[in-house]
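> coords please:
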Amino acid sequence: MTGATPATYCARLIERTREGVAAAIGEAIDRREEGEDSSGRGRLIQWIASLEDTDTASFLRFMADESLEDSTRLLTTIDEHAHAMQLVMAADTAPTSLVTLQRAVIEAVLTLCYVHDADVAPGRAMLRILARQLDAFEGSEKNAAAFPRSVVGERAAEISEGAAGFRQMLAKYSIELAPLSKGSTGWISYAGHRESVQFNATDAARRYLGADAHHWNIGSGGTHSKAWFLPSVLNGLTDVMLSTRMEQFGGPTFAVLASARVLLRGFAAHMGVPTTRAREAVFAREKALMSHIRSEAPSPISLVEFEARPADWTPTEKNLSAFYRRHPSDRR
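The predicted model follows:
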């Protein structure tokens, strides 16, 4: 993209990534029957069908199917926040807003990866689905209580009844719940598994983003206008910001690209259909962006090598990303 500004160059990378991710997910859904036996969702459905109590099995299957509604909303919010980043970049303005949008993209990706983690036991995966639904009820109840009565009106009572009813429903089907504490259920358990109801995004970032988890920290710093973050992206009265224009737009772009790789990997395991080609394309954009920043040839490192980095790996140079080393074992 000869002559492109840092902002418009990054906007184009995000646009292509959105298109590629949407196409890969659509293809995986169309081919879902191919991976039904080996997929995370397939194993979950098989586990539910093996339960002796048919009433419990029917309830859990309904909740597992209902979770697809939530997944659809999460995928939509990922794309819409990434689209907003693309528009901000295309306008070449307001770069500070990008890290807040970046955080929203990452948290939705992490939520999907956590709730539908194909590497956890089916019973634990089911609990995560139930926990997210319970958190939705209890979160609505607490937020309704915080709004003025004139805004919520009679719906406050309906919301409260809904939360209580769902807790009762879980208990009916032998799901053990922790005692309520300040309107929240701390954990739920079933079939020897226990899961927290509250989603911990920081822990999930370490688990799923690994060595790229710093993108979550940066997003949090920008969203909450942390004192350690703002000097990097904004001028003060006399102080000049620490970042360049390329860093302001390039950093959030790296965050979106890393999140896209994680999302595609998790989706492939959940559906049992490979997304390798789409992940390779995303990774090629990551290398192209670093090459653009450094005015050097793209790194020869492979996707397999790059994703093999240990979670505590740190680069030997101060770069926006982690391409400058010879091998994953190079920890100098």
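
> what comes up buried for the longest helix anywhere in the chain?
Across the chain, the longest stretch assigned as helix under DSSP state H is helix 54-91. Buried residues in helix 54-91, counted by 16 or more other CB atoms under 10 Å: 56-57, 59-61, 63-64, 67, 70-71, 74-75, 77-79, 81-82, 84-86, 88-89. To be clear about C-beta, it is placed using only N, CA and C from the backbone, and glycine gets the same treatment.

> Also stretch 270-289?
270-275, 278-279, 281-283, 285-289.

> Could you list which of those residues belong to helices?
Reading helices off the buried residues of stretch 270-289 with DSSP H, I get His270, Met271, Ala278, Arg279, Ala281, Val282, Phe283, Arg285, Glu286, Lys287, Ala288, Leu289.

> Would you convert these into a markdown table that also reports pLDDT and distance to Ala23?
Output for these, formatted as a markdown table (pLDDT from 0 to 100; distance: CB to CB, whole Å):
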| residue | pLDDT | distance to Ala23 |
| --- | --- | --- |
| His270 | 94 | 17 |
| Met271 | 92 | 14 |
| Ala278 | 97 | 7 |
| Arg279 | 96 | 13 |
| Ala281 | 97 | 10 |
| Val282 | 97 | 12 |
| Phe283 | 96 | 16 |
| Arg285 | 96 | 15 |
| Glu286 | 94 | 18 |
| Lys287 | 92 | 20 |
| Ala288 | 93 | 19 |
| Leu289 | 93 | 21 |
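
> Go through those residues and name the one nearest Val233.
Taking CB to CB as the measure, Val233 lies nearest Leu289 of those, at 18.2 Å.

> shouldn't that closest one be in contact with Leu13?
Yes - using CB atoms under 8 Å, Leu289 is in contact with Leu13, at 6.1 Å.

> Need the residues touching each of those two.
Thr253, Leu257 (CB atoms under 8 Å, 6 or more residues apart in numbering).

> quick one: the helices in the stretch 101-250 of the chain?
122-146, 149-152, 155-172, 201-204, 214-223, 230-233, 245-271 (DSSP state H, counting those that start in this stretch).

> For Asp312, find the nearest of those.
That would be helix 214-223 among the helices of the stretch 101-250 of the chain, by CB to CB, at 11.6 Å.

> quick check: mean pLDDT across that closest one?
Confidence over helix 214-223 (mean pLDDT, whole number) is 92.

> In TSV, list the helices of the stretch 101-250 of the chain along with distance to Leu98.
Formatted as TSV, those follow (distance: least, CB to CB, whole Å):
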stretch	distance to Leu98
helix 122-146	27
helix 149-152	31
helix 155-172	34
helix 201-204	18
helix 214-223	8
helix 230-233	9
helix 245-271	4
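
> Minimum distance to Gly26: which of those helices has it?
Closest approach to Gly26 among these is made by helix 245-271 (10.8 Å; CB to CB).

> now the angle from that closest one to helix 54-91?
If you take axes from the mean of the first three to the mean of the last three CA atoms, to 10 degrees, helix 245-271 sits at 160 degrees to helix 54-91.

> Packing partners of helix 245-271?
Here helix 245-271 touches helix 6-30, helix 40-49, helix 54-91, helix 97-115, helix 214-223, helix 276-294, going by 3 or more CB pairs under 8 Å, 6 or more residues apart in numbering; DSSP states H and E.

> Now do that helix: distance to the chain's middle.
Centre-to-centre, helix 245-271 and its host chain are 9 Å apart (CA atoms, centre = their mean, to the nearest Å).

> Repeat that for stretch 62-82.
11 Å.

> Name the residues that touch that stretch?
Contact with stretch 62-82 is made by 14, 17-18, 21-22, 25, 41, 44-45, 48, 101, 104-105, 108-109, 111-112, 115-116, 126, 129-130, 132-133, 256, 259, 263, as judged by CB under 8 Å, 6+ apart.

> Near Ala311, how many other residues are there?
For Ala311, the count of nearby residues is 12 (other CB atoms under 10 Å).

> That one against Tyr208, yeah?
No - using CB under 8 Å, Ala311 makes no contact with Tyr208, being 10.0 Å away.
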